[in-house]
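Q: 3D model of this:
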Amino acid sequence: MTEPRETFDRFVVGANNRLAAAAARAVAESPGSTYNPLFIYGAHGLGKSHLLGAVADLATALWPELEVRREDGAHFVAGHAASVAAGSVDAFLGSYTHAGMLLLDNVHALEGHPSAQLALARVIDALVEHNTQVVLVADRLPSGIAEVEDALSQTLSQGLLVDVAPPDYETRAVILQRMATEAGLELTPDVVQDLAAREYRDIDELRAALAPIASRQHRPAPQLDAGEFDSFLSDVQVVVQQQVESWRGRLREAIAFWQAEGYRTAVLERALDLPRAPDVAGLTATFTAAVEHLRNLERQARQVDPSLVGHAVFRDPERMPEAEDLVEHALTGALPTKGPSPAFARDAFEVGASNQLAVHAADAVVAEPARRYNPLVLYGPSGVGKTHLANAIGNALMQQGGAAGAVAYVNSQQLVDELIEAVHTGNVDRWRARYRSASALIVDDIQFLGGKERTQEEFFGIFNAMIEGGKQVVLTSDRVPADITDLEARLRSRFEGGLVVPIQSPDRVLRERLFARFLAEAGRAADEDVLRLLGEHPVQSVREIIGVVTRLGAAADLYGKPLTVDLVRAELGGPAVEPRPPRISAAVPAGDPFLDHERVVFDWPDAGARLVEEMR
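A: Next comes the predicted model:
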């Protein structure tokens, strides 16, 4: 027994197909009561037929008595032509109108067959009139089918028309991960990101992208141990026994399969004692759905507490309420997302003309969170201290709140990766809750959200929830939000609705102070002339300053010399910096009658000023 491939659980939902997937699930759960007919359209290979199969799978599981008829448009055309030739059109159409649900794939195959189109319109009208669900799939809108009959176009358009578009970046990443898992491939996050960043027209191209990797990864065939061999013999015995009585044989086969999978099958075993044959297909489908729910619960539990994997409640469908309570309890006690780094303290942040406005805004946010500047957006080139200041805000807010972990800090690339994993594992709701439960949210490098449609959509909801809940949001970027390409307009407008403030490259005075600080931390002595020379060195970021300090320290160690102006100039080059002028000292000989003591200056710092004074 194998699980069907075309199920909703296996269908990866993204921004490109969310509406289609939601509509398909709705008609499967409540046939004929909404979206009738449902028309799903889109290019080849985007999952339309998968959705059609998922509707059939779920509807059959929920409504065992429902007769689901799934066919292809080309088959309908051929059948109609044969019925016309045989003079049995009414019988042909009647076979469709008596179905409990009609699923028709590749409707565009009716192009150029006007009589078949009219016949299909009659079938759909009759089914819809009797509240019988109809789902149709095509590679284009009804109006795009050449020479489509008005009757068919109007019939198809009276329900819901919904498209399936090519997958976005996040959806591509999840699909690749799932394909790799099913193929037994091991992909590193870097490989997944690289593959997902490419453009693909359809799912087949995604699958083809994995082919070269699959050819390189060889796995040895699994070996049966003693216990597995005994299980195999048990399965053989069950197959033999099924010849005794058909329905009991099928039921025993299902029991043997699920027992081998490690699940308790008491509910199925009790059915063996029934005096008459039950709906075995419906019973086993319901049991399979319950197992899938237990597996999903176990996956959620694993994300919070790996020790819960293998818990007995996840192996017994009759203990479903206990499993749900266990997962809810685990999620309630789950740790919040990562907080700001304690290494970035506010008092360690050097302030100068290039960043004082941003620092003032940061201090105001700490003093009055979510009241003055919300959101606060810090922007500037890489390495100028945006991350330091953002973390410093978070640490200060945590100290005020007294709740470690209440402030969430995340890099936007991590946000994308987390969402991909959450979609892959079915934990998107929990992922959202982790951030919404924080008292403040700090997102670093928001420029990486550009082009990530699903992440932008999810972050839009999180952002609004934080702002509306009176919680502080701090963002950093290497440019103003308006200049971030592929960033949704609604996000740009909300980011710019707070305070957008720059942090510029350090000015000369700040560079001197930063060099003095990092040299002192490195245990390197530097006099005023060395610091003045370093302040003139053209560095654009704090990272460059740290790099220069490291380089000078290595040079000093190599030559066995202290840091001097000559060593710095020799190592760094660049424009020469004039040394400080010599200090002028004067001494008045005792008893000299020709010198005016009021015009004598001791330790005069500037020879030019001395000359001016003498000429007065």
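
Q: all contacts plus neighbour counts: C-alpha atoms, from now on.
A: Fine.

Q: select the longest helix from the protein.
A: When the chain is parsed with DSSP state H, its longest helix is helix 280-304.

Q: which stretches in the stretch 301-450 of the chain count as strands?
A: With strands called from DSSP state E, counting those that start in this stretch, the stretch 301-450 of the chain shows them at 376-379, 407-411, 440-444.

Q: and these, which is most packed in?
A: Across those, averaging neighbours per residue (mean count of other CA atoms under 10 Å) puts strand 376-379 on top, at a mean of 27.

Q: and the strands of the stretch 301-450 of the chain: which comes nearest E170?
A: Between E170 and the strands of the stretch 301-450 of the chain, the tightest spacing by CA to CA is seen for strand 407-411, at 16.2 Å.

Q: roughly how far apart are the residue nearest the centre of the chain and Q177?
A: With distances taken as CA atoms, centre = their mean, L419 lies nearest the centre of the chain, 2.4 Å away. For L419, the distance to Q177 equals 13 Å [CA to CA, to the nearest Å].

Q: same check on T286?
A: Distance of T286 to Q177, computed by CA to CA: 28 Å.

Q: so where's the stretch 1-150 of the chain shaky on pLDDT?
A: Confidence mapping of the stretch 1-150 of the chain against pLDDT under 70 gives the ranges 1-4.

Q: that one: strands as residue ranges?
A: Under DSSP E, counting those that start in this stretch, the stretch 1-150 of the chain gives strands at 38-41, 68-72, 101-105, 133-138.

Q: next, count neighbours for the closest residue to R532 other than its chain neighbours.
A: The shortest distance from R532 to any non-neighbouring residue, by CA to CA, 6 or more residues apart in numbering, is to E512 (6.5 Å). Neighbour count for E512, taken as other CA atoms under 10 Å: 21.

Q: swap in E458?
A: For E458, the number of neighbouring residues by other CA under 10 Å comes to 16.

Q: ok, and the helix or strand in the protein with the lowest average confidence?
A: Lowest on mean pLDDT, DSSP states H and E among the helices and strands of the chain sits helix 607-614, with a mean of 41.

Q: right, and P317 touches L297 too?
A: No - with contact defined as CA atoms under 8 Å, P317 does not reach L297; the gap is 11.6 Å.

Q: could you list every helix and strand in contact with the longest helix of the chain?
A: Contacts defined by 3 or more CA pairs under 8 Å, 6 or more residues apart in numbering; DSSP states H and E place helix 280-304 against helix 48-62, helix 246-260, helix 320-332.

Q: tell me what R70 is bridged to.
A: As for beta bridges, R70 partners with L103 under DSSP bridges.

Q: isn't it right next to N106, touching?
A: No - the pair R70 and N106 fails to qualify as a contact (CA under 8 Å) at a distance of 11.2 Å.

Q: out of those two, which sits in the busier spot?
A: Using other CA under 10 Å, the more surrounded residue of R70 and N106 is N106, with 20 against 16.

Q: which ones are touching the more buried one?
A: Counting by CA atoms under 8 Å, 6 or more residues apart in numbering, N106 makes contact with D72, G73, A74, L136, V137, A138, D139.

Q: could you do I145 as well?
A: Taking CA under 8 Å, 6+ apart as the contact definition, I145 lies against H108, E111.

Q: could you save the helices and strands packed on helix 280-304 as TSV and add columns showing mean neighbour count?
A: Output for these, formatted as TSV (neighbours: other CA atoms under 10 Å):
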stretch	mean neighbour count
helix 48-62	22
helix 246-260	19
helix 320-332	16
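
Q: how about these in CSV, adding distance to I145?
A: Output for these, formatted as CSV (distance: least, CA to CA, whole Å):
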stretch, distance to I145
helix 48-62, 17
helix 246-260, 45
helix 320-332, 48
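
Q: got the CA coordinates for stretch 93-106 in PDB?
A: Taking C-alpha atoms only, stretch 93-106 is exported to PDB below (Å, rounded to 0.1, in the frame of the first residue of the first chain):
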ATOM      1  CA  LEU A  93     -24.300  12.700 -21.600                       C
ATOM      2  CA  GLY A  94     -26.400  10.900 -19.000                       C
ATOM      3  CA  SER A  95     -23.400   8.900 -17.800                       C
ATOM      4  CA  TYR A  96     -21.900  12.300 -16.800                       C
ATOM      5  CA  THR A  97     -24.900  13.900 -15.400                       C
ATOM      6  CA  HIS A  98     -25.400  11.100 -12.900                       C
ATOM      7  CA  ALA A  99     -21.900  11.500 -11.400                       C
ATOM      8  CA  GLY A 100     -21.600  12.800  -7.900                       C
ATOM      9  CA  MET A 101     -18.600  15.000  -8.800                       C
ATOM     10  CA  LEU A 102     -17.100  15.700 -12.200                       C
ATOM     11  CA  LEU A 103     -13.400  16.500 -12.500                       C
ATOM     12  CA  LEU A 104     -12.400  17.300 -16.100                       C
ATOM     13  CA  ASP A 105      -8.700  18.000 -17.000                       C
ATOM     14  CA  ASN A 106      -7.400  19.700 -20.100                       C
END
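
Q: okay, buried residues for it please.
A: L93, Y96, T97, A99, G100, M101, L102, L103, L104, D105, N106 (16 or more other CA atoms under 10 Å).

Q: what sits against the third one?
A: Think T97. V123, I124, A126, L127.

Q: wait, a helix at Q504?
A: No - according to DSSP: H, G, I helix; E, B strand; the rest coil, Q504 belongs to no helix; its state is coil.

Q: okay, it: pLDDT?
A: What the model reports as pLDDT for Q504 is 89.

Q: out of T286 and Q177, which sits in the more crowded spot?
A: Comparing T286 with Q177 by neighbour count (other CA under 10 Å), the higher total belongs to Q177, at 22 against 18.

Q: and whichever strand or helix holds the more buried one, how far out from the chain's middle?
A: Element membership for Q177, per DSSP states H and E: helix 169-182. How far helix 169-182 lies from its chain's middle: 12 Å, per CA atoms, centre = their mean, to the nearest Å.

Q: tabulate the CA atom coordinates of it in CSV.
A: Below are the C-alpha coordinates for helix 169-182, written out as CSV (Å, rounded to 0.1, in the frame of the first residue of the first chain):
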residue,chain,number,x,y,z
TYR,A,169,11.4,31.9,-4.9
GLU,A,170,10.2,30.6,-1.6
THR,A,171,7.8,28.1,-3.2
ARG,A,172,10.5,26.9,-5.5
ALA,A,173,12.8,26.3,-2.6
VAL,A,174,10.2,24.3,-0.7
ILE,A,175,9.4,22.2,-3.8
LEU,A,176,13.1,21.5,-4.4
GLN,A,177,13.5,20.4,-0.8
ARG,A,178,10.5,18.1,-1.1
MET,A,179,11.6,16.6,-4.4
ALA,A,180,15.1,16.0,-3.0
THR,A,181,13.7,14.3,0.1
GLU,A,182,11.5,12.0,-1.9
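
Q: which other residues reach that helix?
A: Applying CA under 8 Å, 6+ apart, the contact partners of helix 169-182 are 12-15, 186-187, 192-193, 195-197, 206-207, 210, 416, 419-421, 423-424, 451-455.

Q: buried subset of those?
A: Buried by 16+ other CA under 10 Å: 12-15, 192-193, 195-197, 206, 210, 416, 419-421, 423-424, 451-455, out of the contacts of helix 169-182.

Q: in which helix or strand does A555 reside?
A: Using DSSP H and E, the element containing A555 is helix 542-559.

Q: just the C-alphas of the following helix or strand past that helix, formatted as PDB.
A: Next helix or strand after helix 542-559 toward the C-terminus (DSSP H and E): helix 565-572. The C-alpha trace of helix 565-572 is given here as PDB (Å, rounded to 0.1, in the frame of the first residue of the first chain):
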ATOM      1  CA  VAL A 565      54.000  57.900  12.000                       C
ATOM      2  CA  ASP A 566      56.700  56.500   9.800                       C
ATOM      3  CA  LEU A 567      55.500  52.900  10.200                       C
ATOM      4  CA  VAL A 568      51.800  53.800   9.600                       C
ATOM      5  CA  ARG A 569      52.800  55.900   6.500                       C
ATOM      6  CA  ALA A 570      55.000  53.100   5.100                       C
ATOM      7  CA  GLU A 571      52.300  50.500   5.700                       C
ATOM      8  CA  LEU A 572      49.200  52.400   4.500                       C
END
